[in-house]
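Peer 1: Give me a model of this one.
(4 chains)
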Protein chains: 2
Amino acid sequence: MPYDPSDYPPFAVTVDLVVLTVRRHALCALTVRRGEQPFQGRWALPGGFVRPDEDLAQAAARELSEETGLTAHDPSAPAQDNGAHLEQLATYGDPKRDPRMRVVSVAHLALAPDLPAPRPGGDANSARWAPVEELLAEGGYGRDGEPVAPLAFDHAQILADGVERARSKIEYSSLATAFCPPEFTVGELRRVYEAVWAVALDPRNFHRKVTGTPGFLVPTGGTTTRQGGRPAQLFRAGGATLLNPPMLRPEV
Amino acid sequence: MPYDPSDYPPFAVTVDLVVLTVRRHALCALTVRRGEQPFQGRWALPGGFVRPDEDLAQAAARELSEETGLTAHDPSAPAQDNGAHLEQLATYGDPKRDPRMRVVSVAHLALAPDLPAPRPGGDANSARWAPVEELLAEGGYGRDGEPVAPLAFDHAQILADGVERARSKIEYSSLATAFCPPEFTVGELRRVYEAVWAVALDPRNFHRKVTGTPGFLVPTGGTTTRQGGRPAQLFRAGGATLLNPPMLRPEV
DNA sequence: GATCATAGTCGTCTTCCTGACGATAAACAC
DNA sequence: GTGTTTATCGTCAGGAAGACGACTATGATC
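Peer 2: Numbering: from 1, shown residues only, chains lettered A, B, ... in the order given. Alright, predicted model coming up:
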């Protein structure tokens, strides 16, 4: 294994982002429209080169901030400071994944509350939130019946991996709260689970489960009626990060 | 986001391997001794450059084969063909992780049965299986009281992440069988869990759990007494990959 | 060959968690 | 007020897991 710094094969390293949020009862991902070849005009995941002096996590946080204005929220920091959860997802390095050159992409997963004003990069036409169901429909058609072009590069695979990570991770962690505003109700949290898993959950059992798990939810004392119906208690995310026993995803 | 192929920052991309096995009731990792600066003479995880025409998984499989003679066992292939389980772990890209140059390492995790003849690269003096407990003891001392030098680069972190991945993954998957020979007993499988988690499990409850989970174990009909005591039934790994409900790691 | 140590396997009992679902409470719309 | 919506509490049955007793089938030892 000779190790000559001058003869290593050069690669380009990028970060790509799977940014997920819950909007209108659906799990949505941030996509940007490509302005250049290849895949010009197609939707893709946001991303960009890692700079020479940047850590991978820094690069992902920078891209996230550039695309959404969100600040990444260090997983080690406990408080819900309106930042997004950001974690490394996986790395994609097929030699042919970019036709121009050898690019290795370190994909990251970000979970964000529904953004009041999605301000994507300044150009509203070049970015959008799209339901992952549409983005991943294979050669299919969106909710409005229009044909959907698949995402550029291997981004459909990356998105699918990110969605699956999110789906499984909210089972055994308190990460679903990352989709919620700082204060939220049990019903709002339940709708997050329902949107991410695309299932219906029993409100009574869900309520028992989340309020009975120590450290998951902390009542703030306030109530709200923003969902209509009887006023609901407001909660903040508690310190617990791991749910034990986990929240079980219903069988198919 | 201008994208000029000629001005991307160049990186070196490597794969590093966390190869785990269970030997003498302890979880052990493969380490190689570095022959060059930096960290000359220190132990490190095996690894090497990704070649220009290689996928990341291919590079990891090639390194694994070079270091151990094991063939990587595609996760999609079901049968236990004496190959090792291999999966991507995470990617490490701190700008200062290698003092010579910018190196991004895509770490992989391999789980292997105890190898009859650890033939590491041909040079027996340059590779060894070491208990992860010793390798991760911070500034500590090994089982024999000798001081332990920490692993080179950020390999202690990579190893810790790999161990944690293995520990959590055998909870909800049938991956523990990757540490076993093609045919094994319930007791042998239990000793794998005990070694990886470093806990003691109740043999009776464990037996009930694993034999009661559909698709986890398939009896081969044979029996063995290689552990002493009453002969035990032999099993092969079944088709199930996900355990539902999971095997619960005992509370601390 | 009897006894002992070792490991494997089958049961039992209690406790906890979950899924199904009834019932009540507190808001709003008409 | 009546109906609708959402929140919250309670009950009950079934399943899974931890604790642990009992029995079985080997090899080792006396």
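Peer 1: among the helices and strands of chain A, which one scores worst on average pLDDT?
Peer 2: Lowest by mean pLDDT, DSSP states H and E among the helices and strands of chain A is strand A:72-73, with a mean of 77.
Peer 1: SS state for A:Ile158?
Peer 2: Assigned state for A:Ile158: helix (three-state reduction, DSSP: H, G, I helix; E, B strand; the rest coil).
Peer 1: Next one: it, what pLDDT does it get?
Peer 2: Looking at A:Ile158, its pLDDT is 98.
Peer 1: any idea which helix or strand comes after the least confident helix or strand of chain A?
Peer 2: strand A:84-92 (DSSP states H and E).
Peer 1: for that next one, packing partners?
Peer 2: Applying 3 or more Cβ pairs under 8 Å, 6 or more residues apart in numbering or on different chains; DSSP states H and E, one finds that strand A:84-92 makes contact with strand A:10-23, helix A:56-68, strand A:72-73, strand A:103-111, helix A:155-172, strand B:84-92. Just so you know, the C-beta spots here come from the backbone N, C-alpha and C atoms, and that holds for glycine as well.
Peer 1: make it 6 Å
Peer 2: Under the contact definition 3 or more Cβ pairs under 6 Å, 6 or more residues apart in numbering or on different chains; DSSP states H and E, strand A:84-92 sits against strand A:72-73, strand A:103-111, strand B:84-92.
Peer 1: buried set for that strand?
Peer 2: Buried residues in strand A:84-92, defined by neighbour count with 16 or more other Cβ atoms under 10 Å in any protein chain shown: A:Ala84, A:His85, A:Leu86, A:Glu87, A:Gln88, A:Leu89, A:Ala90, A:Thr91, A:Tyr92.
Peer 1: ok so, going back, now the helices and strands packed on strand A:84-92 as a markdown table including distance to A:Glu138?
Peer 2: Shown next, in a markdown table, are the helices and strands packed on strand A:84-92 (distance: least, Cβ to Cβ, whole Å):
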| stretch | distance to A:Glu138 |
| --- | --- |
| strand A:72-73 | 31 |
| strand A:103-111 | 20 |
| strand B:84-92 | 24 |
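Peer 1: Which of the ones you listed sits closest to B:Pro52?
Peer 2: Closest approach to B:Pro52 among those (Cβ to Cβ): strand A:103-111, 11.6 Å.
Peer 1: ok, which residues in chain A are in contact with DNA strand C?
Peer 2: A:202, A:204-205, A:208-209, A:212, A:225, A:228-231, A:245-248, A:250 (Cβ under 7 Å from any atom of the strand).
Peer 1: Helices - which of these land there?
Peer 2: Under the assignment DSSP state H, those contribute A:Arg204, A:Asn205, A:Arg208, A:Lys209, A:Gly212 to helices.
Peer 1: what pairs with the least confident helix or strand of chain A, and is each one parallel or antiparallel?
Peer 2: strand A:84-92 (parallel) (DSSP bridges).
Peer 1: Quick one: mean pLDDT over the strand it pairs with.
Peer 2: Rounded mean pLDDT across strand A:84-92 is 97.
Peer 1: host element of the residue lying closest to A:Phe153 once chain neighbours are set aside?
Peer 2: Ranked by Cβ to Cβ, 6 or more residues apart in numbering or on different chains and with sequence neighbours excluded, the top spatial neighbour of A:Phe153 is A:Arg97, at 5.8 Å. In the assignment (DSSP H and E), A:Arg97 maps to no helix and no strand.
Peer 1: between the buried residues of strand A:84-92, which is nearest chain B?
Peer 2: The nearest member of the buried residues of strand A:84-92 to chain B, counting by Cβ to the nearest Cβ, is A:Thr91 at 4.5 Å.
Peer 1: so what's that closest one bridging to?
Peer 2: Applying DSSP bridges, one finds that A:Thr91 bridges with A:Val106.
Peer 1: For it, give its distance to B:Pro99.
Peer 2: Note on A:Thr91: its distance to B:Pro99, by Cβ to Cβ, to the nearest Å, is 23 Å.
Peer 1: I'd like to know how many residues surround A:Val13.
Peer 2: Residues near A:Val13, counting by other Cβ atoms under 10 Å in any protein chain shown, number 27.
Peer 1: who's in contact with it?
Peer 2: Residues in contact with A:Val13, defined by Cβ atoms under 6 Å, 6 or more residues apart in numbering or on different chains, are A:Val50, A:Val104, B:Phe11, B:Val104.
Peer 1: can you rerun that using 7 Å?
Peer 2: A:Val13 sits next to A:Val50, A:Val104, A:Val106, B:Phe11, B:Val104 when contact means Cβ atoms under 7 Å, 6 or more residues apart in numbering or on different chains.
Peer 1: pLDDT at the second one, what is it?
Peer 2: The predicted local confidence for A:Val104 comes out at a pLDDT of 97.
Peer 1: I'd say it and A:Gly93 touch.
Peer 2: Yes - using Cβ atoms under 7 Å, A:Val104 is in contact with A:Gly93, at 4.1 Å.
Peer 1: what distance separates the start and the end of stretch A:210-221?
Peer 2: 17 Å (Cα to Cα, to the nearest Å).
Peer 1: Check which residues of that stretch are buried.
Peer 2: When neighbours are counted by 16+ other Cβ under 10 Å, the buried residues of stretch A:210-221 are found to be A:Val210, A:Thr213, A:Phe216, A:Leu217.
Peer 1: just the residues you listed now: which is nearest A:Asp55?
Peer 2: Closest approach between the buried residues of stretch A:210-221 and A:Asp55, by Cβ to Cβ: A:Phe216, at 30.9 Å.
Peer 1: From A:Leu56, how far out is that closest one?
Peer 2: Applying Cβ to Cβ, the value for A:Phe216 to A:Leu56 is 30 Å.
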